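Participant: Build me a structure from this.
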Amino acid sequence: MLIRKLSFDAEDARAGESLIDREWLVTNGLGGFASGSVAGVPTRRYHGLLVSALPTPLGRTVMLNHLSEWARLPDGLRFQLGGQERAGGELELPGARHLREFRLEDGLPVWLYELNGTVVEKRVLMPHLQNTVHVAYRLVAGEGAVRLKLRPAAQFRPLEDVVGRPVEADHAVTAVGDRLEISQAGDAYPPLRLKLHGARATFTLDGRKLERLLYRVERRRGYDHTGELYSPGYFSVDLTAGGGATLVASTERWETMRALSPDAAREAEGERRRRLLSLADARAREGVAGELVLAADQFVITPAGRREEAARARATGEELRSVIAGYHWFTDWGRDTMISLEGLTVTTGRHREAGWILRTFGHYVRDGLIPNMFPDGSNEGLYHTADATLWFFHAVDRYLRATGDGATLGALLPRLRDIVEQHLRGTRFGIKVDEADGLLRQGAEGYQLTWMDAKCDGWVVTPRRGKAVEINALWHNALRLLEGWEREAGDAPRADALAAHAARAYESFNRRFWYEAGGHLYDVIDGEGGDDAACRPNQLLAVSLKHPALDPARWGSVVNVAREKLLTPVGLRSLAPDHPDYKPTYHGDLRTRDAAYHQGTVWGWLIGPFIDAWLKTHPRDRAGARRLLEGFLPHLDEACVGSISEIFDAEPPFTARGCVAQAWSVAEVLRCWVLTAEE
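Facilitator: This is a model prediction of the structure:
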């Protein structure tokens, strides 16, 4: 079993803040999740014990926001395990004083509370492919029965909705035997169903509002941050030696909830996780790599809402799969999926699912583009991206290298040909090869088409319109990959034509993008303001990809400049510190954050291209490349325990920011951890 353990001292005054800043995450393979602070205090609008992934047009919905927990010992003493933060009041963390240990067992969270010599354990899991959560308790040490009191509280709302919307008063609470349902008149949401398993389990109807609740992270991020919840009453149950209790909450039907007992559900999930580890690359079944394999599983999903797409896939004998870009707020994004695919599915041995993902996105090609993203609650993708489609070629290549799946290549080849032809002729958003030099330009007013895609109130922070360096590195790579696949297919004329386009792009790239004064590459040429010599990590793709667009004689200079100006222990800065637009921290309201998002902020995923480039220039320094990953190890105890954040501040202490669990961060660190393992 893989265990990550954090221990806490009751006398440590800093323990409370440490507990509230750390978060945990459990997912259900549908895009739904349970998440919160280790302290048990909701600090984000996204925190909840059950965020269900519901069919379109509902999307992800917060159904069970919070669970207040009290324990009464045999001598009558009462202890609160979690808590809430009230607006205008002092933060109270009653549970923090009693929490002795928080750990992940094979990626699943476990809390250990010590209450005057009595020790209570708590666990959370979500049965795979169900909008269901199990919150389980067990008496680990102590004499006599401990009486638990559990008060559920809810505000049925879309995941991104504000917390300040008033809770409706017309909740319907229905109790039938040991089953409880909560619904709200006029809502399209399914009822929230709850059942408590355990000795002397009871429910007391005691409806009330929990008012003026503060979500401190939302306040810090400049969003609506005070709200209320509705609680229908409370459950009570006995904990005795050798016995446990489990509260099950779900938006599934009762027969689905009853299909597995709490013990059976736990055994099934444990077996599923052991199987995931057994499928992974042999170098990724233990230790940090094994933990990252389980973290990677959180992002590979069967989208719950896209029923037509699922029906089409099943009609051909396949299953629908996609990739959540990050928790808590991202949906499935094309760019993130293609960059993450190797780490999430190839390194982990989930080849069949990788093929499903690629064929799914192949179906969605429109005008030579794959979708940039699928909005929550929608069946239709948005196509405003210039690079996701080119990353598609890279992902197909990584998949084929691992599987040799000629059938999938045969199915995708017409789509790949069409993509190249559309880019040569010109497609949406000004994406077109310039006939003058064979380089790919992109840009449309009001759109952010590269991965540096911050936009706030119509302000595109880094438009990068023109010929961006990584877009052209990806374009050259795509041309060479397709050339090779056409030769394998026996189509020499097509392959020769592609080779000619690639050769022209290569010549122009090396002539146009080299910035002699800096010893690195221009970030954008032929842009709205001319050529942009900003030192950014994008240039590394001209070295790191399978078919580099940059002359090998210049690789060393580019890598050295990136190492000196951009490399940090947790990824690469998005802009060199000597640039006037450099922002050292990512904080404040949305506009302030967006202004820093790609102007210095460190991105964890960029360690992947850097290590690929490093090994091309230092092919014998596998140990040195592994050392570049060691800065992520302490981070696994921070932010979302056991996962890797989206971004970090650009200066020490490199505070984690953005999404607490990001697909391409986990994927690239996992991929590179295996890549740099001793042979």
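Participant: which residues touch the nearest residue to Val167 once chain neighbours are set aside?
Facilitator: Among residues not flanking Val167 along the chain, Tyr230 sits closest, at 4.5 Å (C-beta to C-beta, 6 or more residues apart in numbering). Just so you know, the C-beta spots here come from the backbone N, C-alpha and C atoms, and that holds for glycine as well. By C-beta atoms under 8 Å, 6 or more residues apart in numbering, the contact list for Tyr230 reads 153-155, 167-168, 171, 207-210.
Participant: tell me the secondary structure for Tyr230?
Facilitator: strand (DSSP: H, G, I helix; E, B strand; the rest coil).
Participant: still on that earlier bit, of the contacts of Tyr230, keep whichever come out buried.
Facilitator: 153-155, 167, 171, 210 (16 or more other C-beta atoms under 10 Å).
Participant: can I get those residues in a markdown table with secondary structure?
Facilitator: Below are the buried ones among the contacts of Tyr230 laid out as a markdown table (three-state DSSP):
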| residue | secondary structure |
| --- | --- |
| Ala153 | strand |
| Ala154 | strand |
| Gln155 | coil |
| Val167 | coil |
| His171 | strand |
| Leu210 | strand |
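Participant: Among those, show me the least confident.
Facilitator: pLDDT across the buried ones among the contacts of Tyr230 is lowest for His171, at 82.
Participant: Dig out what it forms beta bridges with.
Facilitator: Here His171 shows beta-bridge partners Gln184, assigned using DSSP bridges.
Participant: and the nearest residue to Leu25 once chain neighbours are set aside, what does it touch?
Facilitator: Among residues not flanking Leu25 along the chain, Ser35 sits closest, at 4.7 Å (C-beta to C-beta, 6+ apart). Ser35 sits next to 23-26, 46-48, 51, 327-328, 640 when contact means C-beta under 8 Å, 6+ apart.
Participant: from what I can see Ser68 touches Arg151, true?
Facilitator: Yes - the pair Ser68 / Arg151 is scored as a contact, 4.2 Å apart, by C-beta atoms under 8 Å.
Participant: Between those two, which contacts overlap?
Facilitator: 231, 234.
Participant: just for the protein, where's the confidence low?
Facilitator: 10-16, 89-92, 169, 377-379 (pLDDT under 70).
Participant: Could you give the number of residues near Glu342?
Facilitator: Using other C-beta atoms under 10 Å, Glu342 is surrounded by 23 other residues.
Participant: Which residues are in contact with it?
Facilitator: Residues in contact with Glu342 (C-beta under 8 Å, 6+ apart) are 395, 398-399, 667, 671.
Participant: Also Val461?
Facilitator: So Val461 contacts 448, 452, 454-455, 594-595, 597-599 (C-beta under 8 Å, 6+ apart).
Participant: same check, this time on Gln155
Facilitator: With contact taken as C-beta under 8 Å, 6+ apart, Gln155 is in contact with 62, 65, 163, 165, 167, 227-230.
Participant: do that again at 7 Å, thanks
Facilitator: By C-beta atoms under 7 Å, 6 or more residues apart in numbering, Gln155 lies in contact with 62, 65, 167, 227, 229-230.
Participant: about what we covered before: out of the contacts of Glu342, the closest to Gly88 would be?
Facilitator: Gly88 has its nearest neighbour among the contacts of Glu342 in Ala667, at 42.2 Å by C-beta to C-beta.
Participant: before we move on, back to that, any chance of the contacts of Tyr230 in TSV with distance to Ala500 as columns?
Facilitator: Supplementary listing: the contacts of Tyr230 in TSV, determined by distance: C-beta to C-beta, whole Å:
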residue	distance to Ala500
Ala153	65
Ala154	62
Gln155	60
Val167	65
Glu168	65
His171	68
Gly207	73
Arg208	74
Lys209	70
Leu210	68
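Participant: how near is Leu58 to Val133?
Facilitator: Here the criterion is C-beta to C-beta, to the nearest Å. By it, Leu58 lies 18 Å from Val133.
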